[in-house]
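Peer 1: Predicted structure and sequence below. I'll ask about it afterward.
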Amino acid sequence: MSVPYETIIYEKSGPVARLTMNRPDRLNGMTNRMLIEAGHALAAAAEDRELRVLVLTGAGKGFCPGADINRIASAEADAPLTAADFRVPVLLHNLPAVTIAAINGACAGAGLGWALACDFRFAAESARFNVAFLDVGVAGDMGGPWTLSKIVGPARARELYFFPDKFDAKTALGHGVVTGVFPDDRFRAEVDSIVTRLAESAPIALRTLKANFVDAERMDLAGYVALESERHLQMFLTEDTREAFAAKAEKRKPRFKNR
């Protein structure tokens, strides 16, 4: 299934969706329309109970180097924006499905902000990173100080934001910005393997685990454990959990029904 957009491609196959930023001639430089279209696609994805994994990536040789500088410098906006249109990192972070940023090239500014909002980030060896905001005289958008501080700690996050130097995929891995780095010629296959493993997980358990992590960020320990325990007990009433235990005991692959 594919939904027509101008600046992104949203495709779904079974429990897996792929949101591709699609301006390869500009290395997928972000425009207002891309922001709006991505928000629309992700809002719809959030309502899809069959979805288990969503992959965010870029067409061609780039992931997303941030805002299209030429568009901004010339004041050529392709669509008007409101504050609500900046919801993409929130949608990615809170999406019931697991989100994966497959960083296949240049990743900076707002593009990096989107990647940081995902559950996991995997990079090709040739990928390059840069926070970039101070270099163009802005303080930044897309929630980076919030997400990056949680990923690498507040001191490292401040370093990367206040001193926006470019860094490679190996350095990104060392900082903890990305989860893994793969050779360019194997990148797509390696990411697909990870996606398949997640997509074959028990769907209700996968979504509940994602919800647990999101809720844990806003709750104290006692409140979180109470919520987690309630969800855990409910899980044992599902057909999928009973099937998972039976399959484990019988040493076979489980057959999940999402109920």
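Peer 2: Structure received.
Peer 1: residues touching the residue minimising distance to the centre of the chain, list them.
Peer 2: The structure's the chain has its C-alpha centroid closest to C118; by Cα atoms, centre = their mean the separation is 2.7 Å. Taking Cβ atoms under 8 Å, 6 or more residues apart in numbering as the definition of contact, the neighbours of C118 are L56, L92, H93, T99, I100, A101. For glycine as for every other residue, the C-beta is placed from the backbone atoms N, C-alpha and C.
Peer 1: got any ranges where the stretch 1-150 of the chain has weak pLDDT?
Peer 2: 1-3, 71-77 (pLDDT under 70).
Peer 1: got the residue ranges for the helices in it?
Peer 2: Along the stretch 1-150 of the chain, counting by DSSP state H, counting those that start in this stretch, helices occupy 32-46, 69-73, 88-94, 109-116, 144-152.
Peer 1: between the ones you listed, which one is nearest to D168?
Peer 2: With Cβ to Cβ as the measure, helix 109-116 is the member of the helices of the stretch 1-150 of the chain nearest D168 (13.7 Å).
Peer 1: burial count for the closest residue to A97 other than its chain neighbours?
Peer 2: Ranked by Cβ to Cβ, 6 or more residues apart in numbering and with sequence neighbours excluded, the top spatial neighbour of A97 is L51, at 4.4 Å. Around L51 sit 22 other residues, with neighbours defined as other Cβ atoms under 10 Å.
Peer 1: mind checking how far L51 is from A17?
Peer 2: Distance, L51 to A17, by Cβ to Cβ, to the nearest Å: 6 Å.
Peer 1: Over to T238?
Peer 2: 23 Å.
Peer 1: the more surrounded of these two?
Peer 2: For T238 against A17, the residue with the higher neighbour count under other Cβ under 10 Å is A17, and the figures read 26 against 19.
Peer 1: Might you report the residue contacts of the closest residue in space to the more buried one that isn't next to it in sequence?
Peer 2: Among residues not flanking A17 along the chain, L54 sits closest, at 4.7 Å (Cβ to Cβ, 6+ apart). Taking Cβ under 8 Å, 6+ apart as the definition of contact, the neighbours of L54 are V16, A17, R18, L19, L42, A45, L95, A97, V98, T99, I100.
Peer 1: farthest-separated two in those residues?
Peer 2: Across the contacts of L54, the longest distance by Cβ to Cβ is 14.8 Å; it joins V16 and L42.
Peer 1: Compare these two (neighbour count), which wins?
Peer 2: Remark: of V16 and L42, L42 carries more neighbours, 25 against 21, as counted by other Cβ under 10 Å.
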